[in-house]
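> following is a predicted model, sequence given first.
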Amino acid sequence: MVNKRVPDWLNSSLWSSPQPPPSPPPPSPPPLSAVAISDPPLLIPPPPAIARPSEPPPSSTSSSPYAHAPKGENRDPLTSSYANNTSVYCTDDDEDDGSPSYSAPSNGGDSGAAAPPPPAAQDVSRQAQILQELSRKVINMVELRKLASQGLPDGAGIRATVWKLLLGYLPTDRFLWPSELAKKRSQYKQFKEELLMNPSEITRRMEKSSLENHELEAGSPGFMSRSEISHGEHPLSLGKSSVWNQFFQETEIKEQIDRDVMRTHPDIHFFSGDSTFAKSNQEALKNILNLFAKLNPGIRYVQGMNELLAPLFYMFKNDPDEENAASAEADTFFCFVELMSGFRDNFVQQLDNSVVGIRATISRLSHLLKEHDEELWRHLEMTTKVNPQFYAFRWITLLLTQEFNFADSLFIWDTLLSDPDGPQETLLRVCCAMLVIVRKRLLAGDFTSNLKLLQNYPSTNISHILYVANKLRAH
Amino acid sequence: MAGRVDHEYDYLFKIVLIGDSGVGKSNILSRFTRNEFCLESKSTIGVEFATKTLQIEGKTVKAQIWDTAGQERYRAITSAYYRGAVGALLVYDITKKQTFDNVNRWLRELREHADSNIVIMMTGNKSDLNHLRAVADQDGQNLAEKEGLSFLETSALEALNVERAFQTILTEIYHIVSKKALAAQEAASAAALPGQGTTINVNDPSGNDKRGCCST
């Protein structure tokens, strides 16, 4: 009975082998103009939000084999995060003492961590290809998406630049980059000045300008008369329009953001600890989240946004280009807005029960699983009653940032961001692949062991997950 | 074998951990189930789940504990997790008055979504930070008394009273369930008047038999 509903491809020996077989190269991409970058509005309107602008139809799906995860890169902060998700719940009384194999149903063995490092030559050539794409006058996004979907090297600022392109922050025309960046960065500076200022600073400026006016009118450098201070702007004023009132309302959000930024990647020195470096990075994250919350009153700040912000900021701040690194905060802000424009509905409580909210998204994952592996679906949802909400809520809202180590989640993001179908479709396929890959353990498990397995997903070869996810696309 | 199904307990009790964001729910859970504490643990998104088996009056009780996100936005989502819960640990932070003030909102939340007979234990966490205390122990006691809750101050950091809090709530649940089972037995043997038994309604399948609600 076991393999009854399992599609043939699932049992193929192909997909537990580290190097999927070569497949014919996809047809050459259409000319650049076919891939207009979607241009989501900068400021996300309050809900109900509209569907995101549709992307161009899927081009020939990339069938080239996924390369390895960029695991070997020895960036300090990344390596320090490696042991991250293996120790969780290990002493628990229900710890699965069973087989270490959680791979293809038919060939137990080796889906695990053991993909041999691919030849460096392949890396070099892919990096060269990407650099070549990036050096074009006008970037061919079809080509770039295809290359990026296989994972980006993060040396030489490549990943940072490509992500900015994939998110539509950088225009495809390289000639426009300097002016566009200058414009955005100065816009960000202005946002910060206008929106993140402390009310005492605002009132101080009000006083100052009123004092100046007074001086102008009276021509005397004397004291300002009391009546010149607007009573509405006194901290104890109860007026609704008082800058102080607004300030106090926002304090709760601000405190929440502070708490969560402090708790972002506590195991990575870049984000956490007492170094001035970490502190200034935390300040940047807080600024971005506070600004986003103010500019998007329909969403404000939702716990978990910090985790979506972290990879962007990390990549941009580590750009070897000093100017880019110095403007990482501004660039991250706009890219975060672009990213959220594709995923914001999952964060909006009012949309929870709508067709675009998180519940609907989770149901789509459930349908996808049913479609591809009905036996597993039945066992999970009917027999062991594991509501997909129990694990997929975090998988989906946080774009898998919590399920793998930091370096691996960056690799997954390469694929998510580069898919022309839009990130959410890819995300759901990746989630489905994660389930399918551990199906053997899930089918043997009960409610408790299955939920624990899915809430603490075992470390797995990411290329393998992405490969399986890509296979799901074709079926 | 892989994913063994475990029936080695007499009772399975589902407990939810609730309270404002940052009060230390996840650390209370990790202290209890794994004896671990992490000063800067990540914020909980959605729900996290752990179990621990312990002995209560000679019976093996498996506690299935659901740790939920504290932020308002997540309440609608997490309310689904209250289903079948026989106990709730409602946590506030003794150094943050606001988290204590919000206890009433959490109680309302429980009344709306959980079984009306759910056993509630309130805990004032972070008792190690006595120098930053903003809620007097007595205030906690008074509120607990008024609302009919059990109450303890805990410190997940110092492993103070965490075990005891769970032990207390699980024992209380156990008493209710076993009394109910006893009453049902007596009712059956004495053919007592129908409907005269206890009204305590913790009889969802997870509560009082050897078959876990979620086990195959």
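Ah, there it is.

> ok, now which ones touch the residue nearest the centre of chain B?
Note on chain B: the residue nearest the mean C-alpha position is residue B:88, at 3.1 Å, using CA atoms, centre = their mean. Applying CB atoms under 8 Å, 6 or more residues apart in numbering or on different chains to residue B:88 gives the contacts B:15-18, B:82, B:110, B:114, B:118-121. Yep, even glycine has a C-beta here, placed from its N, CA and C like the rest.

> which parts of chain A belong to which domain?
The record's domain parsing of chain A by the TED database lists A:120-176, A:181-200+A:241-349, A:352-472.

> right, and the helix or strand after the helix or strand where residue A:281 lies?
Per DSSP states H and E, residue A:281 falls inside helix A:276-295. Downstream of helix A:276-295, the next assigned helix or strand under DSSP H and E is helix A:305-317.

> against which helices or strands is that following helix packed?
With contacts defined as 3 or more CB pairs under 8 Å, 6 or more residues apart in numbering or on different chains; DSSP states H and E, helix A:305-317 has these neighbours: helix A:158-166, helix A:243-262, helix A:276-295, helix A:322-326, helix A:328-343, helix A:406-418.

> with distance to chain B added, can I get those in a markdown table?
Output for the helices and strands packed on helix A:305-317, formatted as a markdown table (distance: least, CB to the nearest CB, whole Å):
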| stretch | distance to chain B |
| --- | --- |
| helix A:158-166 | 23 |
| helix A:243-262 | 5 |
| helix A:276-295 | 12 |
| helix A:322-326 | 25 |
| helix A:328-343 | 13 |
| helix A:406-418 | 12 |
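
> and the ones you listed, which one averages the lowest pLDDT?
Per-stretch mean pLDDT for the helices and strands packed on helix A:305-317 is lowest at helix A:243-262 (a mean of 81).

> all strands of chain B, in order?
Secondary structure of chain B (DSSP state E): strands at B:11-18, B:47-56, B:59-68, B:87-93, B:119-125, B:150-153.

> now those strands as JSON lines including mean pLDDT?
Below are the strands of chain B laid out as JSON lines (pLDDT from 0 to 100):
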{"stretch": "strand B:11-18", "mean pLDDT": "96"}
{"stretch": "strand B:47-56", "mean pLDDT": "94"}
{"stretch": "strand B:59-68", "mean pLDDT": "95"}
{"stretch": "strand B:87-93", "mean pLDDT": "98"}
{"stretch": "strand B:119-125", "mean pLDDT": "98"}
{"stretch": "strand B:150-153", "mean pLDDT": "98"}
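
> same list (those) but as a markdown table, adding distance to residue A:197.
As requested, the strands of chain B are exported to a markdown table (distance: least, CB to CB, whole Å):
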| stretch | distance to residue A:197 |
| --- | --- |
| strand B:11-18 | 36 |
| strand B:47-56 | 38 |
| strand B:59-68 | 35 |
| strand B:87-93 | 30 |
| strand B:119-125 | 35 |
| strand B:150-153 | 40 |
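
> who's in contact with residue A:395?
Contacts of residue A:395 were listed using CB under 8 Å, 6+ apart, and they are A:403, A:431, A:434.

> tell me how far the second one lies from residue A:286.
Between residue A:431 and residue A:286 the distance, using CB to CB, to the nearest Å, works out to 30 Å.

> which of the two has more neighbours?
Regarding residue A:431 and residue A:286, a neighbour count based on other CB atoms under 10 Å in any protein chain shown identifies residue A:431 as having more, with 26 against 18.

> let me know the angle separating the helix or strand the more buried one falls within from helix A:158-166.
For residue A:431, the host element (DSSP H and E) is helix A:423-437. With axes from the mean of the first three to the mean of the last three CA atoms, to 10 degrees as the basis, helix A:423-437 and helix A:158-166 are set at 130 degrees to each other.

> helices or strands up against the helix or strand following helix A:423-437?
Sequence order places helix A:439-444 as the next helix or strand after helix A:423-437, per DSSP H and E. In terms of contacts (3+ CB pairs under 8 Å, 6+ apart), helix A:439-444 is packed against helix A:374-377, helix A:447-455.

> and the longest one, what does it pack onto?
Applying 3+ CB pairs under 8 Å, 6+ apart, we find helix A:447-455 packed against helix A:389-397, helix A:439-444, strand B:47-56.

> now render these as CSV, adding distance to residue A:275.
Shown next, in CSV, are those (distance: least, CB to CB, whole Å):
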stretch, distance to residue A:275
helix A:389-397, 29
helix A:439-444, 40
strand B:47-56, 30
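
> could you identify which of these is most buried?
For those, average neighbour numbers computed from mean count of other CB atoms under 10 Å in any protein chain shown are highest in helix A:389-397, which has a mean of 24.
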